[in-house]
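Asks: Structure of the sequence below:
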Amino acid sequence: MPKQPLVTIITPSFNQSNYIGATIASVLEQSYANIEYFIIDGGSTDHTVDILKACDDPRVWWVSEPDNGQSDAINKGLRLASGKYVSYLNSDDLLLPNAVQFIVDYFERHPETALVYSDCAFIDTEGVEIKILQATSFNVSDMIIGMQTILQPGTFWRRTLTERIGLMDETLHYTMDADYWLRVALAGYHLQYVPGTRSAFRLHSASKTVSQSAGFWKDWRVMLDKSYGAQSIPETITGLKEVAYQRLEWYDLKNDWANGIQDRHALRPFLTSGMLSRRIIARLMWVESFTGIPLLRWASALSMRIRGVKIIG
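Replies: Numbering: from 1, shown residues only. As a prediction, the model looks like this:
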């Protein structure tokens, strides 16, 4: 029987002692055994190091030292990686049982595929499932305008990709994953959505996705500037530049609005152009600016309720 290919999993970590134990267990308890697991901690001051010291598994290698953030930590792991397939798993997320076996089997059957991503469960602080979020089939045009759904937990790629396109962009602290997926696509590689839930994303008040959304859109602008500043980009995305940047302007405007900066002049273009849902929200904001009623906050809360998303803790 041929030896199973080695899989590298990297966990960047900083002060997540409440959750990292479950993250580690979700990797080490996989049915697929041929894993090397690098935990790159940024010098945590909570009990993370105690948890790491207690890891008694030869597949685990860890370090705890100051770094320059999540992208730097992931890159440290990528430089160490020797697996045929690679993934990173944040220190508050989980891999679901048999996820690695499924992914390896898929890659081995589909040599044309460079990167695989799946659906993802949203869980609360106690690990209770809130809902399943489905990804979407890859389309580079959707990616450039921020409408592509690739769920980072459970995404794996061939290590040869990293050898060819390089490491994560360490200037990005929020969209390093989206930037990487876009770079993979623009380099001509095949990204494959394979339906099925193989990971869990933990929603809690301290997670960057929840607490620092403004930083995400600042990073997205850097990503767009870099992509459109490239010497050669596909014609499929060249014509989407205005749409892509307009989406950024919209999220900047909403973020300012939520922080009490209500600029009616900046809001005007969105009242009559763009997607219907955006026009509706823009008109709610317009009314709010005269009445003082927090319609944007109410609409956002209603939207999250409809989608089944809630923040606990």
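Asks: per-domain residue ranges of the chain.
Replies: 7-211, 240-307 (automatic domain parsing).
Asks: can you put these in a markdown table and add mean pLDDT?
Replies: Below are the domains of the chain laid out as a markdown table (pLDDT from 0 to 100):
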| stretch | mean pLDDT |
| --- | --- |
| domain 7-211 | 95 |
| domain 240-307 | 86 |
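Asks: Can you say which of those is nearest to Ile233?
Replies: domain 7-211 (6.8 Å; Cβ to Cβ). C-beta here means a position set from N, CA and C on the backbone, and glycine is covered the same way.
Asks: Distance from the chain centre to the closest one, please.
Replies: 8 Å (Cα atoms, centre = their mean, to the nearest Å).
Asks: Look up the closest residue to Phe107, ignoring the ones flanking it.
Replies: The shortest distance from Phe107 to any non-neighbouring residue, by Cβ to Cβ, 6 or more residues apart in numbering, is to Tyr85 (5.9 Å).
Asks: The one you found touches Pro5, doesn't it?
Replies: Yes. Tyr85 lies in contact with Pro5 (Cβ atoms under 8 Å); the separation is 6.6 Å.
Asks: what about these two, which has more around it?
Replies: Tyr85 (25 against 13; other Cβ atoms under 10 Å).
Asks: who does that one bridge with?
Replies: Val7, Arg158 (DSSP bridges).
Asks: same check, this time on the one 10 residues further on
Replies: The residues listed as beta-bridge partners of Leu95 by DSSP bridges are Ser199.
Asks: Contact partners for it?
Replies: 9, 26-27, 30, 89, 153-154, 198-200 (Cβ atoms under 8 Å, 6 or more residues apart in numbering).
Asks: surely Ile20 meets Asp50?
Replies: No. At 10.5 Å, Ile20 does not count as touching Asp50 under the criterion of Cβ under 8 Å.
Asks: the more surrounded of these two?
Replies: In this view Ile20 and Asp50 are compared by other Cβ under 10 Å, and Ile20 has more residues nearby, 24 against 10.
Asks: so what's that one up against?
Replies: Contacts of Ile20 by Cβ under 8 Å, 6+ apart are 11, 13, 39, 48, 51-52, 91-92.
Asks: Those residues in helices, which ones?
Replies: 48, 51-52 (DSSP state H).
Asks: So which residue is dead centre in this structure?
Replies: Centroid-nearest residue in the chain, with Cα atoms, centre = their mean: Gln152, separated by 4.1 Å.
Asks: Do I have it right that that one meets Thr175?
Replies: No. Assessed by Cβ under 8 Å, Gln152 is found out of contact with Thr175, at 10.4 Å.
Asks: give me the number of residues near Asp142?
Replies: By other Cβ under 10 Å, neighbour count at Asp142 equals 15.
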